[in-house]
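Student: below is the structure, and that's it, no one-letter string:
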Ligand SMILES: NC(=O)c1ccc[n+]([C@@H]2O[C@H](COP(=O)([O-])OP(=O)(O)OC[C@H]3O[C@@H](n4cnc5c(N)ncnc54)[C@H](OP(=O)(O)O)[C@@H]3O)[C@@H](O)[C@H]2O)c1
């Protein structure tokens with residue numbers, strides 16, 4: 001089963017200037033909980049936008065330029081980082097988790113979401129009310145989820161006491 005997690009506006013904006021366009025600490029906590037101890041798959045640009053690898057998650061970074069760094073760049077090795085091409089993704093997942101115990105979660109950014117959104121069985125989307133502009137948008141994700149998947153959970157509107165944004169977390173599952 002392949003999963004995707006994203007935060008986006010109604011028009012599909014996911015980022016600006018290599019970062020995320022809003023401040024919702026509560027959603028970062030939700031992202032942390034959702035991805036904890038799992039395999040997270042991301043594009044090279046999203047990986048480089050992180051201040052550091054995320055603890056207790058296995059990172060798979062998609063790249064065509066074989067941008068290789070030491071996999072030991074992480075304290076206590078609690079967040080290993082593996083680089084691979086799209087062709088090698090399946091093989092890399094098997095290498096890092098031979099028993100397939102972990103969930104595989106696509107975490108962005110735009111290029112990677114565009115490649116995977118139609119292939120995911122489950123999507124956890126944080127939809128932000130703020131119609132903020134950005135330079136990376138993937139409106140296809142919400143259109144596709146609304147048309148081809150069913151809602152299995154929705155939080156209703158939430159207010160970020162820390163960031164001041166209104167948002168909702170909606171989980172979609174592929175219809176059988
Ligand atoms: N709101 C959210 O939930 C969310 C989540 C994640 C990211 N973001 C935002 O999204 C933005 C980054 O997105 P982006 O679209 O610019 O970049 P991206 O998808 O993070 O990374 C693009 C890179 O991935 C690699 N790649 C893409 N397609 C590939 C393929 N078929 N095979 C192998 N490698 C491939 C390439 O790396 P090489 O150039 O090394 O070949 C490409 O340059 C940032 O603003 C970030 O903050 C938002």
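Tutor: Right, received. Where do you want to start? These numbers come from a predicted model, not from an experiment.
Student: ranges for the strands of the protein?
Tutor: Secondary structure of the chain (DSSP state E): strands at 2-9, 13-15, 39-43, 58-62, 81-84, 104-106, 122-128, 136-137, 149-154, 158-159, 166-174.
Student: just the mean pLDDT for the fifth one, thanks.
Tutor: Regarding strand 81-84, the rounded mean pLDDT is 90.
Student: residue ranges with poor pLDDT in the chain?
Tutor: 66-77 (pLDDT under 70).
Student: interface residues of it facing the ligand?
Tutor: Residues of the chain lying close to the ligand by CB under 6 Å from any ligand atom are 6-8, 14-15, 18-20, 42-46, 49, 62-65, 67, 85-86, 107-112, 115, 136. Using the backbone N, CA and C atoms, a C-beta is placed for each residue, glycine as well.
Student: ok, for residue 79, nearest residue in space, not its chain neighbours?
Tutor: Distances taken as CB to CB, 6 or more residues apart in numbering put residue 53 closest to residue 79, at 4.0 Å, once the chain neighbours are dropped.
Student: for that neighbour, grab the count of nearby residues.
Tutor: Using other CB atoms under 10 Å, the number of residues around residue 53 comes to 19.
Student: likewise residue 146?
Tutor: 12.
Student: my read is that residue 131 contacts residue 10, right?
Tutor: Yes. Counting by CB atoms under 8 Å, residue 10 is a contact partner of residue 131 at 7.0 Å.
Student: next, the contact list for residue 7, please.
Tutor: Counting by CB atoms under 8 Å, 6 or more residues apart in numbering, residue 7 touches 14, 20, 22, 24, 27, 31, 125, 126, 127, 128, 167.
Student: between these, which is nearest residue 147?
Tutor: Nearest to residue 147 among the contacts of residue 7 is residue 125, at 13.7 Å by CB to CB.
Student: who are the contact partners of that closest one?
Tutor: By CB under 8 Å, 6+ apart, residue 125 lies in contact with 5, 6, 7, 8, 141, 142, 145, 169, 170, 171, 172.
Student: neighbours around the fifth one, how many?
Tutor: Yep, that's residue 141 we're talking about. Neighbour tally, residue 141, other CB under 10 Å: 24.
Student: which residue packs closest to it, ignoring adjacent ones?
Tutor: Spatial nearest neighbour of residue 141, chain neighbours left out: residue 117 (4.9 Å); criterion: CB to CB, 6+ apart.
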